[in-house]
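A.B. asks: Quick one, fold the following:
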Amino acid sequence: MNNNIRNKIAKNFTSMIFAHIIYKILTFLTMVLLARFLGAEGFGRLSFGLSAVWIFLFLSDMGLSDLFTRDVASDNRLKDKYVDHIVTIKIFLGIISYLIIFLIGLSYSFNKDTFWAVLILGLATILDSFMYFFRCIFRIKEIMKYEAILMVIEGFLKISVLLAAIRFESALPGIIIISLAILLISSLNLILNFLAFVLVNRLPTLRFDWNFSLYLLKNSFPFAIVYMLNLLNFRVDIIMLTVLSSAQAAGLYSASFKLIEQLLLIPLTFSCVILPTFSKPGNSLLQMKHFLKGIVPILILTSIAAIILLNFSGDYIIRSIYGNGFQGAAANLKIFSLVLLPFFLKPIPEKLLLGARMQNTVCSLYCGGIILNIIKNFIFIPVWGINGATLGTFFCEMLVVFGCIIIVYKRGVLSQKLSTEVSLAYKTADLRDSEY
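C.D. replies: Here you go, the predicted model:
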């Protein structure tokens, strides 16, 4: 079993990491094309529109996709029940989200182009939320090569449609043309992923049970909070550096962060791959101890190798990418590289806790971490500036990781007995009402 687990995770991780790399390259090329087509002002308006609606990608999902992945990976009998209810809930969430987006758009009604761009991009974002949910079926089945293929197709579809839109002659403003093209991409992508979903599963049926829907939302909400806090963590530093120090300090920090962010693709991909594996009762957590003993040293050594590389070549990397004007970011990049260690370690204890239905605990740890990060910024930034923000983030992330590890051991998450009890208690509570 240990070899099966290791091989399955290795295959899925390899497929997903290559797909992510190809997707990032295609997305970068797409952004370059859009910037050249729209110009600085138009690209700024498009970036604003995308920033204004991006949060609704999570609000229209509320962590339901992650809950679906974990729970159905644990018990496949729940699949149809979850699919029917989650699709129904997401329709309601989508309608509510779009009404809020419309209100946001009204605040920019003085600029007609921005108003329509926000409305169009908002609809595209809600369609993407459904697309990501349908794609989760391949994580549950642990055949992520198909999810990887869909991701690569999405990347090529995006650049192809936007190229056609750029060459399309129309009296419409450029930002509206591009926004409509993004909506077309989201629509085609949703259709493609829905068809892939239907090939391996039956058609969803709209069903709604009030108690079960509340149960789903209550249990999925911590997933949404954890995901959003992961995204906001570094951005909190950027905002506070701007306020407490200077825009230049925030710019240097952002330059370092953008480089570190590319390396975080490794632990984030690994995190997606291991959740369904850690959630399956058939994959005994006790038996997986041997797998964990093998993978943890690999993650530690990989992060240390990346830290050493950045410390020796940080000056050259910053100068080559950003130019001499960002030399102040070189020293910060060397300190910033330290955050790779907790981020490479965090997926394992985090997913062990999530697989053991302890998402509220994970959410509490993350909330505590970001509150502590804000407090330390008020103390560290006025004294040490950009390096104070970076060191504070490193210590906060390490505390979150150690907190997860301590709870894993104190709550006996790695014991076969607890795993079985949690699984049985969950199934009893969840299957007792409204089976089809």
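A.B. asks: okay, residue 93: pLDDT?
C.D. replies: Note on residue 93: pLDDT of 92.
A.B. asks: can you tell me which residues contact it?
C.D. replies: 59, 60, 61, 62 (CB atoms under 8 Å, 6 or more residues apart in numbering). C-beta: built from backbone N, CA, C; applies to glycine.
A.B. asks: Count the neighbours of the first one for me.
C.D. replies: In this case it means residue 59. Other residues near residue 59 come to 19 when the count uses other CB atoms under 10 Å.
A.B. asks: For it, give its distance to residue 224.
C.D. replies: The gap separating residue 59 from residue 224 is 8 Å, by CB to CB, to the nearest Å.
A.B. asks: swap in residue 18?
C.D. replies: Taking CB to CB, one finds residue 18 at 28 Å from residue 224.
A.B. asks: if you count what's nearby, which of those two comes out ahead?
C.D. replies: Neighbour count, other CB under 10 Å: between residue 18 and residue 224, residue 224 has more, with 21 against 15.
A.B. asks: on that earlier part again, show me the contacts of residue 93 that map onto helices.
C.D. replies: residue 59 (DSSP state H).
A.B. asks: which one of the contacts of residue 93 sits closest to residue 386?
C.D. replies: Using CB to CB, residue 59 comes nearest to residue 386 of the contacts of residue 93, at 32.0 Å.
A.B. asks: With adjacent residues omitted, what lies nearest to the closest one?
C.D. replies: residue 97 (5.2 Å; CB to CB, 6 or more residues apart in numbering).
A.B. asks: picking up where we left off before, go through the contacts of residue 93 and say which is closest to residue 243.
C.D. replies: residue 59 (26.1 Å).
A.B. asks: what sits against that closest one?
C.D. replies: 93, 97, 100, 224.
A.B. asks: isn't residue 50 right next to residue 121, touching?
C.D. replies: Yes. Using CB atoms under 8 Å, residue 50 is in contact with residue 121, at 6.0 Å.
A.B. asks: okay, those two: which has more neighbours?
C.D. replies: More crowded of residue 50 and residue 121, by other CB under 10 Å: residue 121, with 27 against 16.
A.B. asks: helices and strands around the helix or strand harbouring that one, which ones?
C.D. replies: Using DSSP states H and E, residue 121 maps to helix 112-135. On a contact count with 3 or more CB pairs under 8 Å, 6 or more residues apart in numbering; DSSP states H and E, helix 112-135 meets helix 2-53, helix 56-59, helix 64-74, helix 79-106, helix 174-200.
A.B. asks: which stretch among those helices comes nearest residue 387?
C.D. replies: helix 2-53 (27.6 Å).
A.B. asks: so where's the stretch 51-200 of the chain shaky on pLDDT?
C.D. replies: Filtered on pLDDT under 70, the stretch 51-200 of the chain yields the residue ranges 108-110, 171.
A.B. asks: Give me the distance between residue 34 and residue 177.
C.D. replies: Taking CB to CB as the measure, residue 34 falls 11 Å from residue 177.
A.B. asks: about what we covered before: state the next helix or strand along the chain beyond the helix holding residue 121.
C.D. replies: helix 137-140.
A.B. asks: Run through who's touching that next one.
C.D. replies: By CB under 8 Å, 6+ apart, helix 137-140 touches 68-69, 72-73, 76, 79, 144, 146-147, 150, 196-197, 200-201, 272, 275-276.
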